[in-house]
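Enquirer: Turn this into a structure:
(chains A and B)
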Amino acid sequence: MPRYRIEFRKEGPARFISHLDLVRTLERAMRRAGLPLAFSQGFNPHPRFSLGAPLPVGVKGEKEYLDLELVAALPVDEMLKRLNDQLPRGLKVTRVWRIPDDAPALMATLEKATYRVDVSLAREITQEDLQRSIDGLLETPEVIITRRAGEDKEKVLDIRPGIYALSGRLEDGRARLEMSLAVGNRGTVRPEEVVLVLAERFGLPVKDEQPDVIRTGLYPAEPEKSYGG
Amino acid sequence: MFELEQVLHRVQKPARYVGGEWNTIYKDWGKTAVKVAFAFPDVYEVGMSHLGLQILYHVVNSREDALMERTFAPWVDMEREMRRRGIPLFTLESHRPVRDFDILAFTLQYEMTFTNILNMLDLAGIPLCSDQRGPEHPLVIAGGPCAFNPEPLASFIDLFVIGEGEEVFHELLDLYLELGGHRAGRRHFLRRAAEIPGIYVPSLYRVEYHPDGTISAIEPIAGGVPPKVTKRVIRNFDQVSFPVKPLVPYLGVVHDRGMLEVQRGCTRGCRFCQAGVIYRPVREKSPATLLRQASKIVKHTGYDEISLVSLSTADYSRVQEVVRSLLDQLGDMGVSVSLPSLRVDAFSVALAREVQRVRRASLTFAPEAGTQRLRDVINKGVTEENLMEAVSAAFAAGWQAIKLYFMIGLPAETEEDLRGIAELARRVLARGRELGVPRNRLRVTVSASSFVPKSHTPFQWEPQVEMEELYRRQALLRGLLKEKGLVFHWHEVEASFLEAVLARGDRRLGRVLEEAWRLGCRFDGWSECFDFARWQEAFRVAGLDPTWYAYRRYAYDDLLPWDHIDAGVSRKYLVLEHKRAMEGKVTPDCRTGKCPGCGLCPTLEIEPELLDRAEGVSG
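Expert: Here you go, the predicted model:
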């Protein structure tokens, strides 16, 4: 059965919907769009599609992905249009392309995510100050943090190996950080964790405010496996 | 908006507050004459499961000259953030403050949301009491089942809509436009609105009391104001405007499926049931209308499930035909059909079997009382034979868990009736074993709520059983239901007590509501929020005794707090039904063609709209 990879954006009000709610929302949009969906077997059949790494609630996604299986081939332009006609505010398909029937599942291939994080600052700093904080973190061989895992469990881990790249510049009094972080089955580093470490251990004067986080891309370990169209 | 976004990162389930769902209607604020905010005084997931919201959203937004947006009670975490940052109550569509709308319309689905209404008014920056509001504030209106005893809310609500809203909402908006809005003169607008049938303006009535606290008079204070307000009912229900493009929430809500209303009203005449009275007479839609609407709903929502909703769907004359046609029409698209409630009989189980897509969850039945004597008292036309037939059919069809709903504290209940509940449950359990349900899977859950007397029912004069006694009865049942395979659930007695106070209360309770809200009462229907001690303090401060309201037996000739609200059923009939209840006499279902004489049809000049007359329907 034909398989497609769909690239989409999640922003505006839609960025506050959870991963589970997104699955439900996409399923309904696909039904409304009248796509020739392939259904899972079993008593409670669902359309066969799978999403890449879940996007945390509140984070905008500029290039998110899902793989969809259909029972009959459909021109990719038509699929893009039909889906966009049925998607609620803030969700928009930007690209659709066909992938080989035996392409590995999305989740299995994704290993890296890039983020743009805008952080409000508690006091004015210089570009040098910002760079010093960033370099401080990058020069540290080990960054141990405690992460909540469930109701009253905590997990201690080293996030440094999962920080692939980090840079920053000042813009309108805020620090704009570009990060490249581990994502997927082999471990995930969250952008908020990086901000917290910068603030608590490397002197970045972060204001007590939720940073504005955009996931700008998702990448496989080896680029050729993206089956990019 | 930046402020709101900051807050959304700090609360649970932010999707409750952002809007943007599929089928949301956005209108041009500047070009729309009347702006209405619909307020559901509970969380988003509950409000969005409510068909009435979808209906009114559709009714108002179908007009060129009006818009309706939605707002829900913010959960406690959101309220904290809003108050901390001074964010006023806002709507989901335009994120505008509710205060900027012309009309704020609350729906009253259950008494335990009343403090949320006050909290929402306060969060909106609107004075709680009608008499403190000026032209700069929206008109605050309310409707829904609890508007049938509106008195506890009389000082907070400018006008109530009594009965079904589809038509009267238009009349109200027309008047609003004609008079150039209430801002031109609130009192004048309310005087004119009171002339619309079904509109009750509490400030235009004076209530007087006897020295013992009972009511001596409820009278209009001005000419042209009707002494009694009669409920509104939709005629030609098959043709009523119905939302086929309902809002599709992102969040998993309580009822997350397409809703198709197959009929309105119920003919059974259970004597405790207020819905059975206020939605009379029964009106069925035609199969052709239903099939057309169902296919549109599926097309416009993408839902994979359509629920046939009504007070008693198995009673709908053509239920089997409609179920089969829907399965034929929608089955290929992977859409299933569901039934919200089951009648206690084998027919209903057969229907459930037909629609189920094999999710072997439990089946629920509501015999309500444990003995035939008490079931006759409440006119629940169900026999033990019906129940055993139903559960036998269910076990035979593969269900392994049965839920049974009962009420305790019903009028004339004795220990025998409580033992009857346990015996019935054991008999169901035994039948499951006989029919080969594996012992480790077989489960019979008994759920017992406490009876709350409601206005406009034959039991409106009845007192609620006292709390101590209800605790004793619960304990007795709990003891009787200790056996492998039996599970017992019960309701909080204190919450039922408060519900009774508010359900049969009068205007003076407004002081208690305000005080309770001030003391921090919110979400009283949620056990994690309900705090009875605060309520007791509120009653003490207001100088009112709650037991006087809950435990009092009203006399037939007492003037009741809701006597000026007319549900169409005659007082004579309710008295007769109450007497028949005490004699254990049943009254026939009006669907059979035997008119029990409730007086509604001649009073409202209406008739039941039935496709077929049923023959000898069993409970």
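Enquirer: Identify the residue nearest residue 198 in space, chain neighbours excluded?
Expert: Here I'm looking at chain A. Across the structure, with C-beta to C-beta, 6 or more residues apart in numbering or on different chains as the measure, the residue nearest A:Leu198 apart from its sequence neighbours is A:Leu204 (4.1 Å). Bear in mind the C-beta positions are built from the backbone N, C-alpha and C, glycine included.
Enquirer: Sorry, I should have been clearer: chain B.
Expert: Leaving out its chain neighbours, the residue that sits closest to B:Gly198 by C-beta to C-beta, 6+ apart is B:Arg232, at 3.7 Å.
Enquirer: and what of B:His137?
Expert: Leaving out its chain neighbours, the residue that sits closest to B:His137 by C-beta to C-beta, 6+ apart is B:Ile126, at 5.2 Å.
Enquirer: Could you do A:Asp85 as well?
Expert: Nearest-residue entry for A:Asp85: A:Ala33, 6.9 Å, with adjacent residues in sequence omitted and distances by C-beta to C-beta, 6+ apart.
Enquirer: what does the domain assignment say about the chain?
Expert: With no chain named, the answer covers chain A. Using automatic domain parsing, the domains assigned to chain A come out as A:3-103, A:109-220.
Enquirer: wait, I meant chain B there
Expert: Per the record's domain assignment (automatic domain parsing), chain B is made up of the domains B:2-230, B:237-508+B:544-604.
Enquirer: got the phi/psi numbers for the spatially most central residue of chain B?
Expert: Nearest to the geometric centre of chain B sits B:Gln109, at 4.2 Å (C-alpha atoms, centre = their mean). For B:Gln109, the backbone dihedrals are phi -90, psi -30 (criterion: degrees, to the nearest 10).
Enquirer: re the thing from before, residues near the residue nearest to B:Gly198, how many?
Expert: 22 (other C-beta atoms under 10 Å in any protein chain shown).
Enquirer: That one against B:Phe169, yeah?
Expert: No: because the distance of 9.6 Å does not satisfy C-beta atoms under 8 Å, B:Arg232 is recorded as not touching B:Phe169.
Enquirer: can you list residues touching both of the two?
Expert: With C-beta atoms under 8 Å, 6 or more residues apart in numbering or on different chains applied, the overlap between the contact sets of B:Arg232 and B:Phe169 consists of B:Val161.
Enquirer: Name the surrounding residues that touch the lowest-mean-pLDDT helix or strand in chain A.
Expert: When the helices and strands of chain A are compared on mean pLDDT, DSSP states H and E, helix A:106-109 comes out lowest with a mean of 79. Counting by C-beta under 8 Å, 6+ apart, the neighbours of helix A:106-109 from elsewhere in the structure are A:5, A:50-53, A:65-67, A:184-185, A:220-221, A:225-226.
Enquirer: Following that helix in sequence, what is the next regular element?
Expert: Following the chain from helix A:106-109 toward its C-terminal end, the next helix or strand by DSSP states H and E is strand A:110-120.
Enquirer: which secondary structure elements does that following strand contact?
Expert: Judged by 3 or more C-beta pairs under 8 Å, 6 or more residues apart in numbering or on different chains; DSSP states H and E, the packing partners of strand A:110-120 are strand A:174-182, helix A:191-201, strand A:212-220.
Enquirer: now those as CSV including distance to B:Ala346?
Expert: Formatted as CSV, those follow (distance: least, C-beta to C-beta, whole Å):
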stretch, distance to B:Ala346
strand A:174-182, 59
helix A:191-201, 58
strand A:212-220, 55
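Enquirer: Point out the residues in the stretch 1-150 of chain B that sit beside chain A.
Expert: The stretch 1-150 of chain B comes close to chain A at residues B:5-6, B:8-10, B:13-15, B:17-22, B:24, as judged by C-beta under 8 Å from any C-beta of the partner chain.
Enquirer: Restricted to helices, list those residues.
Expert: Using DSSP state H, the members of those that fall in helices are B:Glu5, B:Gln6, B:Leu8, B:Ala15, B:Tyr17, B:Val18.
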